[in-house]
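**Q** I would like to see how this sequence folds:
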Amino acid sequence: MTASNTATKAHEAHAAPAAPECDQVATPGAAATPAPAAAPTPAAAAVVAPASAPATTAAAERDPRIARSRAALREAFITLVEERGIDGFSVGDLCTSAGLNRGTFYNHFRDKESLLASFEDEVIEGLGGVLAKFQNIKLRELAACSLTHRPLPMLVELYDYLREEGPFLHAMLGPGGDARFGMRLREAVCGRFVRSLLHERYQNDPSAFTRYYISFYSGAYLGVISEWIDSGMTETSEEMALISMRLLFIKPGESIKM
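**A** All right, here's what the predicted structure looks like:
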């Protein structure tokens, strides 16, 4: 599976005024840039947050309207990336597909690239919460699970999360997605996982062999994740955890059967 073009920076010059019936869309830390429009009616003001007080992810979680709008925008983004590639559609196309107007979009995002960054950061942040549990894992604990053919619970949880984000990951890692995201995923997931298995004296070792060891296994596990997502995630999270563990301990020339 290959990843190609990066997100476009094209920006429609004129955004439509915010419509009263459209919910606001939130992004963490995004600077609010309102589209030029006439003063909103009281009904519109109740829906679209003013530029001086942009909505946050936390606000989206509290307000069902914001959450629905953000979910619609995310679903539309995934669909358009799959159909046209990340450079093949405009903000106007995205808003039409999501059922939002451009005024609402520009209240919270500068352009399509900032929207993409928001979605990617959201996924990486979620992975960070799962991977934090790997910090205290011991190689002997992993080996014991492998010998008894039991999946490591933390790996099962990791694959559960990857499955949950499967549509977004498939779009971003596919031929029309964002090549940079694959590199982020490799470091955020695979690199941290491999590093957590090293003896503590090697975890921050700057030597060439340690760097290449981590790079070798990180690339291999990104390949495993990509193949699983691309093939439709037919294996369960438990099966993928067992496969990941088996791959770590397999020796050259040894049978590759589970």
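
**Q** what residue ranges in the stretch 51-200 of the chain score low on pLDDT?
**A** For the stretch 51-200 of the chain, applying pLDDT under 70 flags the ranges 51-62.

**Q** what's the distance between stretch 243-255 and the middle of its chain?
**A** Taking Cα atoms, centre = their mean, to the nearest Å, one finds the center of stretch 243-255 at 28 Å from the center of the full chain.

**Q** Convert the C-alpha atoms of that stretch to CSV, please.
**A** Once side chains and other backbone atoms are set aside, the C-alpha atoms of stretch 243-255 remain, and they are given as CSV (Å, rounded to 0.1, in the frame of the first residue of the first chain):
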residue,chain,number,x,y,z
ILE,A,243,0.4,-12.5,15.3
SER,A,244,2.3,-9.4,16.5
MET,A,245,3.8,-11.4,19.4
ARG,A,246,4.7,-14.3,17.2
LEU,A,247,6.5,-12.1,14.7
LEU,A,248,8.6,-10.6,17.4
PHE,A,249,10.0,-13.9,18.6
ILE,A,250,10.2,-15.9,15.4
LYS,A,251,13.8,-16.9,14.4
PRO,A,252,15.3,-17.2,10.9
GLY,A,253,14.6,-20.5,9.4
GLU,A,254,11.9,-21.4,11.9
SER,A,255,8.4,-22.4,10.8
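
**Q** Quick check: buried residues in that stretch?
**A** Judged by neighbour count using 16 or more other Cβ atoms under 10 Å, the buried positions of stretch 243-255 are 243-245, 248. (C-beta placed from N, C-alpha, C; glycine too.)

**Q** tell me the mean pLDDT over that stretch?
**A** Per-residue pLDDT over stretch 243-255 has a mean of 80.

**Q** could I get stretch 115-134 in PDB with only the CA atoms?
**A** What follows is stretch 115-134, C-alpha atoms only, in PDB (Å, rounded to 0.1, in the frame of the first residue of the first chain):
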ATOM      1  CA  LEU A 115      -8.800  20.300   9.200                       C
ATOM      2  CA  LEU A 116      -6.700  17.300   8.300                       C
ATOM      3  CA  ALA A 117      -4.100  18.100  11.000                       C
ATOM      4  CA  SER A 118      -6.900  18.200  13.500                       C
ATOM      5  CA  PHE A 119      -8.200  14.800  12.600                       C
ATOM      6  CA  GLU A 120      -4.700  13.300  12.500                       C
ATOM      7  CA  ASP A 121      -3.800  14.800  15.900                       C
ATOM      8  CA  GLU A 122      -7.000  13.400  17.300                       C
ATOM      9  CA  VAL A 123      -6.100   9.900  16.200                       C
ATOM     10  CA  ILE A 124      -2.500  10.100  17.400                       C
ATOM     11  CA  GLU A 125      -3.600  11.500  20.800                       C
ATOM     12  CA  GLY A 126      -6.000   8.600  21.200                       C
ATOM     13  CA  LEU A 127      -3.200   6.100  20.400                       C
ATOM     14  CA  GLY A 128      -1.000   7.900  23.000                       C
ATOM     15  CA  GLY A 129      -3.500   7.000  25.700                       C
ATOM     16  CA  VAL A 130      -3.400   3.300  24.700                       C
ATOM     17  CA  LEU A 131       0.400   3.200  24.300                       C
ATOM     18  CA  ALA A 132       0.900   4.800  27.700                       C
ATOM     19  CA  LYS A 133       0.100   1.400  29.200                       C
ATOM     20  CA  PHE A 134       3.100  -0.100  27.400                       C
END
